[in-house]
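Colleague: okay, sequence plus prediction incoming.
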Amino acid sequence: MPTTMDLEIGVAAYKVVRDLLEVKKGESVLITIDSAGHWRIAEETAKAAEVMGAKVMVAWHSTPPGYGKVGDPYLPDALHAAIPETDCWVEYNYQWLLYSTPWEKALTNPKRVRYLFLGGLNEDQFVRCVGKVDLNLQKQFQDTLVGLTQKAKKIRITNSAGTDVSFENVAGRPVTNEGWALEPGAHFLLGQIGWAPLEESINGVIAFNGSFSGGGEADLGVLKDPVVFHVKEGVCVDITGGKEAKFLKVWFAKLQDPLMYHVAHVCYGFNPGAKLSGLCTEDERVWGATEWGFGYQGPFFKAKGINAKTHVDGICLNSSLWLDGEQIMDEGRLVHSKLADLAVKIGKQ
């Protein structure tokens, strides 16, 4: 019997397989989803991959208590074995396998696995953030902003909650252009552009006024009050704010891992369908937001390789951005002429 958005979910799943992964006949496709994830999305993706002639397996498993290596002891041995031995891996897990040991084995030096992270999306988010996105316009927009960012040497980001942070880029470090998983390596939901700046150059205040995600008990969702990280030379030296900030200060201390305080990356959010929901996968891509990660640093950033116990992400809404002194964005609105024109075509400005 048909259920809500059956056709729209089918379209989005087909775009994942055909356009974002370009699955070839005979390739192995692994789809992972934990018991807290949304089964219909995994099922429709499996059907679409089967239509493309792939060899499909869906791994449905119990939900671990946290992200990354925190979840390692709770994962089935068969899952550890399967992840590095596939051509395409689509992750729909609510508690991410991202940064876990099997993820690391498959993607530290990727030779085979094309990994696309879509962790935790529900049916509505999947349709808004994948199915309804004009991929051609989105690619033009992201390519333009990636090019500008790669050329920049000094960057400043602010927002109305109190963010004012500056840093320098490192020539040669990649600026990831997320959405398309067309070669071996880690790739993520459409609408995110991320990179690792020169870690010791990051100084200032990062005020998260959107949401905060740390897996398990530190998955705070949409924040009631700003959580402020004070950063000196790439390391958080203090966390201030209300009750949520006080909780995080204690939680970080309990981890007993000094590397968790290190900045791992910064990202722009530009998915036209994304709304602030409390799910990090979507919130990181809210149009005009910036996002900062602390702790474990993915190998795809080709940076220092911070090997912390886990990873956290926070969202700064309505950001302003300067690249080498030129203002690109003002409180979430693009002011660079080419980007502004593309944003209008996309329907966001």
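Modeller: That came through, no problem. Source: prediction; values computed, not measured.
Colleague: quick one: secondary structure of Gln138?
Modeller: Per DSSP: H, G, I helix; E, B strand; the rest coil, the secondary structure class of Gln138 is helix.
Colleague: my read: it touches Trp180, true?
Modeller: No. The criterion here is C-beta atoms under 8 Å, and Gln138 misses it with Trp180 at 9.8 Å. Glycine gets a C-beta too; all of them are placed from N, C-alpha and C.
Colleague: what does stretch 249-257 rub up against?
Modeller: Gly214, Glu217, Ala218, Ile239, Met260, Tyr261, Gly295, Ala308, Lys309, Thr310 (C-beta atoms under 8 Å, 6 or more residues apart in numbering).
Colleague: so who does the first one touch?
Modeller: Yep, that's Gly214 we're talking about. Gly214 touches Tyr67, Leu220, Leu248, Trp251, Thr310, His311, Val312, Asp313, counting by C-beta under 8 Å, 6+ apart.
Colleague: mind redoing it with 6 Å?
Modeller: Residues counted as contacts of Gly214 (C-beta atoms under 6 Å, 6 or more residues apart in numbering) are Val312.
Colleague: domain ranges for this protein?
Modeller: Per automatic domain parsing, the structural domains of the chain span 6-130, 134-177+189-346.
Colleague: gap between the two ends of the shortest one?
Modeller: Same thing as domain 6-130. The first and final residues of domain 6-130 sit 14 Å from each other (C-alpha to C-alpha, to the nearest Å).
Colleague: ok, now the longest one?
Modeller: Using C-alpha to C-alpha, the end-to-end distance of domain 134-177+189-346 comes to 7 Å.
Colleague: in TSV: the contacts of stretch 249-257, plus secondary structure.
Modeller: Below are those laid out as TSV (three-state DSSP):
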residue	secondary structure
Gly214	coil
Glu217	helix
Ala218	helix
Ile239	strand
Met260	helix
Tyr261	helix
Gly295	strand
Ala308	coil
Lys309	coil
Thr310	coil
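Colleague: give the contact list for the closest residue to Tyr99 other than its chain neighbours.
Modeller: Leaving aside its chain neighbours, Tyr99 sits nearest to Gly68 (3.6 Å; criterion: C-beta to C-beta, 6 or more residues apart in numbering). With C-beta under 6 Å, 6+ apart as the criterion, the residues that contact Gly68 are Tyr99, Ser100, Tyr296, Thr310, His311.
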